[in-house]
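>>> have a look at this prediction, sequence included:
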Amino acid sequence: MSDEPTSDPMDALFASREVTPFDQPVASATPAQNFSSRRELREATGTGTGKRPRAQKPVRPSQEAAREARASRAQRSSRAERQVKRDLAVRPTEVKKSTGPVASAPRPAKKKHPLLGLLVVLAVPAFIVSASLPAFAFASPDAAQNAAMLKSATSSNSGLGVQVVPLNAAAKVIEVQRDKIGATSTAELAAQRITAAAFATVAPRAAGDDYPWPTAGNTLSPLNYYYRQCVDFVAWRLNRDAGVTSAPWKYVWSNLTPNGGSASEWKSAWEHHGWKTSSQPVIGAVAWFQGNHVAYVKSISGSNVTIEEYNGMASLAYAIRTIPSNTVARFLYPPPR
């Protein structure tokens, strides 16, 4: 056995084989960079896949680059300014350039009609002139006659300063209706117990109503009865027939019906005073009814009597009616004077 070393066939095979790039050690793509896996290495170096390395994502701009971008955007014209520029290009005489916000164009003022101003100018002086005219400036049917009378009166009284105002012929004097006195003798006048002085001081009204307080409220009258009640009206008539039409009154509640003012108590008051009562009527007597009512006997005609009253046929108002005498419960004769 020889001491020479025998050659191995595998060694000769490896010695004759070319060294390929794959047999060389892999150089690091980025010497200072470490990879967490072989996949990242292959993607970074492009080895083992036959593909090009992927392009790196663009890096975001820095804060300074962002500020430069905002500054460039601020330098751009706003939409309103661009609109102003376009308007200036189209209507340079109508649109004004503005550096600030564009305000809305003012509405055109309404054009006033010239006739309106003319109407105001003519109407106001006419109104002032018409208001300043005296009441007698307008002619009446008797203008000529009134002017002549006024001229003569002025000339005759010029030194006295007296002005005479003529009356129109159409003016009429209002006639006042009063109750008529039917007495033809002193005896009849005494029986009717009516005096002329009573009518002279009372304001008369239609249908013989001479009650002095026809519109008073629901309070006590000067006679101490309630206004516009039947008892107050009859008490007024008894005072009038006695010749008293103002204070001091002759008959009031305290001496006429002191025990009560209701109409139902008048008959007992007459009897308490000893004044005469009868079933036969006399003019000026009090017609006393059972239903709490009294009236004044105005006249007598056969078996009928005409009575005047307040708050009877009309509520709180004057009324006159003719009724049979036998429908009256009692006639209270006028108190003796």
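Cool, the structure landed. None of these values were measured; they are calculated from a predicted model.
>>> helices of this protein, start to end?
9-16, 38-45, 63-75, 79-90, 114-132, 143-156, 186-192, 196-200, 230-241, 253-256, 266-273 (DSSP state H).
>>> of these, which shows the lowest average pLDDT?
Lowest mean pLDDT within those: helix 196-200, a mean of 36.
>>> check Tyr225 and give its pLDDT.
We have a pLDDT of 96 for Tyr225.
>>> list the contacts of the closest residue to it other than its chain neighbours.
Once flanking residues are discounted, Tyr225 sits nearest to Asp232: 3.8 Å by Cβ to Cβ, 6 or more residues apart in numbering. (Each C-beta comes from the backbone N, C-alpha and C, glycine too.) Asp232 sits next to 221, 223, 225-226, 310 when contact means Cβ atoms under 8 Å, 6 or more residues apart in numbering.
>>> farthest pair within those?
Largest separation among the contacts of Asp232 by Cβ to Cβ: Leu223 and Tyr310, giving 12.5 Å.
>>> what's the average pLDDT for stretch 316-332?
Across stretch 316-332, the average pLDDT comes to 96.
>>> in stretch 245-256, what counts as buried?
Across stretch 245-256, burial judged by 16 or more other Cβ atoms under 10 Å covers 245, 249-253, 256.
>>> Ile128: which of those residues is nearest?
Closest to Ile128, out of all of the buried residues of stretch 245-256 and judged by Cβ to Cβ, is Thr245, at 52.3 Å.
>>> correct me, but the closest one touches Asn239?
Yes: assessed by Cβ atoms under 8 Å, Thr245 is found in contact with Asn239 at 6.9 Å.
>>> make CSV out of the buried residues of stretch 245-256 and add distance to Asp87.
Below are the buried residues of stretch 245-256 laid out as CSV (distance: Cβ to Cβ, whole Å):
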residue, distance to Asp87
Thr245, 96
Trp249, 98
Lys250, 103
Tyr251, 102
Val252, 99
Trp253, 98
Leu256, 103
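>>> what is the neighbour count of Val305?
25 (other Cβ atoms under 10 Å).
>>> ok, Arg39 next?
11.
>>> the top strand by length along the chain packs against which elements?
Determined from DSSP state E, the single longest strand within the chain is strand 293-301. Other helices and strands packing on strand 293-301, by 3 or more Cβ pairs under 8 Å, 6 or more residues apart in numbering; DSSP states H and E, are helix 230-241, strand 286-289, strand 304-310.
>>> distance of the closest residue to Ala242 other than its chain neighbours from Glu308?
Distances taken as Cβ to Cβ, 6+ apart put Lys250 closest to Ala242, at 4.9 Å, once the chain neighbours are dropped. Using Cβ to Cβ, to the nearest Å, Lys250 is found at 20 Å from Glu308.
>>> kindly report the same for Trp249.
19 Å.
>>> now Tyr318
Applying Cβ to Cβ, the value for Tyr318 to Glu308 is 7 Å.
>>> overlap in contacts, those two.
Shared contacts of Tyr318 and Glu308 (Cβ under 8 Å, 6+ apart): 208-209, 233.
>>> now the residues you listed as a markdown table including distance to Ala44 and neighbour count?
As requested, the shared contacts of Tyr318 and Glu308 are exported to a markdown table (distance: Cβ to Cβ, whole Å; neighbours: other Cβ atoms under 10 Å):
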| residue | distance to Ala44 | neighbour count |
| --- | --- | --- |
| Gly208 | 137 | 16 |
| Asp209 | 132 | 17 |
| Phe233 | 132 | 27 |
